[in-house]
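# I need the structure of the sequence given here:
(one chain, ligands or ions: 1)
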Amino acid sequence: MKTDVVNRFIWYKGEIVNVNDAKINILAPTAQFGLNVFEGIPCYWNEERKQLYAFRLDDHYDRLLRSARLIQIECPYTKADLKKALVDVIKANEYDENLSVRQTLFVDGFGSWGSAEPVDMFVAPIPKRRTSAEYNKKGLHCCVTSWRRISDTTLSPRIKCGANYINSRVGQREALRNGYDTCVFLNDAGKVSEGPGSCFFMVVNGTLVTPMLTDSVLESITRDTIIRIAKAKGMPVVERTVDRTELYTCDEAFLCGSAMEITPVLSIDRYTVGNGEPGPCTEALHKAYLAAARGMDPDFETFVTPIY
Ligand SMILES: Cc1ncc(COP(=O)(O)O)c(C=O)c1O
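Below is the predicted model of the structure:
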């Protein structure tokens, strides 16, 4: 049965239930301390083929399991279970539109931040049109936040753990308070890392440049996709440490992630990027990314999994 968003079905602890019936213990470590790991899995509707494609599903599950391993949450499900839960819940909602599917492993029960169990899962499809404002903008005005990105010496930025997002939050809230759309973080070394929910790329003299994963960056699937697409198109790509100065002098810049896809950055700290319009490389990469995500690029067919 087709559902409206407030009554959508979600997969919760092995059952498909109305989202309003999925209750969680308020003392659970996930509720109190963000003790969970999760994925936001993009699914794109292909109107021509009347098909919904999940993008890089196996890579999302590999990262989910790496995240769980790092913070010692034991996943009670196999990869086949993870996938079946996602397919079942999308089918239950009969979705034929673009989605972000939140798939979260969480620590339930009455324990504390040190607890290892009980671990369970929810899978909640979120129609893309419902994502927050900054994800729907045509271009972003950014600042460099005064907060530093979490580092591998404290809370690993490489994984997707709920608690990590409070670092994202303080940067994002500072940006909004000061009249920007979003921010770019510097890492402990004062080098460029990433956005609050996105990775950073810039174009310098025709070369695509992005910080290295060791510069305090999430192991982003969109970042990896863009690097592969650019290389396939013959565009030079360099992963290297990026200085703050380069933010103010680059030719093009964009933030990317499963939620915001590829969104041009129009200014940083009020320095105009390029001519202040989305740049040609950014636009070409966005188009190529969407083609791959909709299963329309034969070079990247293995990236998509049909749901129906
Ligand atoms: C901090 C951070 N960096 C990068 C990304 C992009 O990751 P992905 O491309 O896997 O969605 C995200 C996505 O949520 C993020 O939170």
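# can you give me the neighbour number for the residue in the stretch 51-200 of the chain that the ligand sits nearest to?
Going by CB to the nearest ligand atom, the ligand is nearest to residue 197 of the stretch 51-200 of the chain, at 4.0 Å. Using the backbone N, CA and C atoms, a C-beta is placed for each residue, glycine as well. For residue 197, the count of nearby residues is 22 (other CB atoms under 10 Å).
# repeat that for residue 64.
24.
# before we move on, what about residue 154?
Neighbours of residue 154 (other CB under 10 Å): 9.
# what's the answer for residue 286, then?
Neighbours of residue 286 (other CB under 10 Å): 18.
# residue 113 now?
11.
# look at it and give its secondary structure.
coil (DSSP: H, G, I helix; E, B strand; the rest coil).
# now do the contacts for it.
29, 32-33, 35 (CB atoms under 8 Å, 6 or more residues apart in numbering).
# if we go to 10 Å?
29, 32-35, 107, 163 (CB atoms under 10 Å, 6 or more residues apart in numbering).
# out of the residues you listed, which sit inside strands?
Of the contacts of residue 113, the ones assigned to strands by DSSP state E are residue 107.
# who wins on neighbours among the contacts of residue 113?
Ranking the contacts of residue 113 using other CB under 10 Å puts residue 107 first, with 27 neighbours.
# I figured that one hits residue 36, correct?
Yes. Counting by CB atoms under 10 Å, residue 107 sits close enough to residue 36 to count as a contact (6.9 Å).
# what do those two both touch?
In contact with both residue 107 and residue 36: 28-30, 71, 73, 119, using CB under 10 Å, 6+ apart.
# so where's the stretch 1-150 of the chain shaky on pLDDT?
Residue ranges of the stretch 1-150 of the chain with pLDDT under 70: 1-2, 130-137.
# would you mind listing what in it touches the ligand?
residue 40 (CB under 6 Å from any ligand atom).
# which residues in the stretch 1-150 of the chain form strands?
9-12, 15-18, 36-46, 51-55, 99-107, 119-127, 140-148 (DSSP state E, counting those that start in this stretch).
# save the ones you listed as a markdown table, and put in distance to residue 249 too.
Below are those laid out as a markdown table (distance: least, CB to CB, whole Å):
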| stretch | distance to residue 249 |
| --- | --- |
| strand 9-12 | 46 |
| strand 15-18 | 52 |
| strand 36-46 | 32 |
| strand 51-55 | 33 |
| strand 99-107 | 34 |
| strand 119-127 | 37 |
| strand 140-148 | 14 |
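# that concludes my questions; thank you for your assistance.
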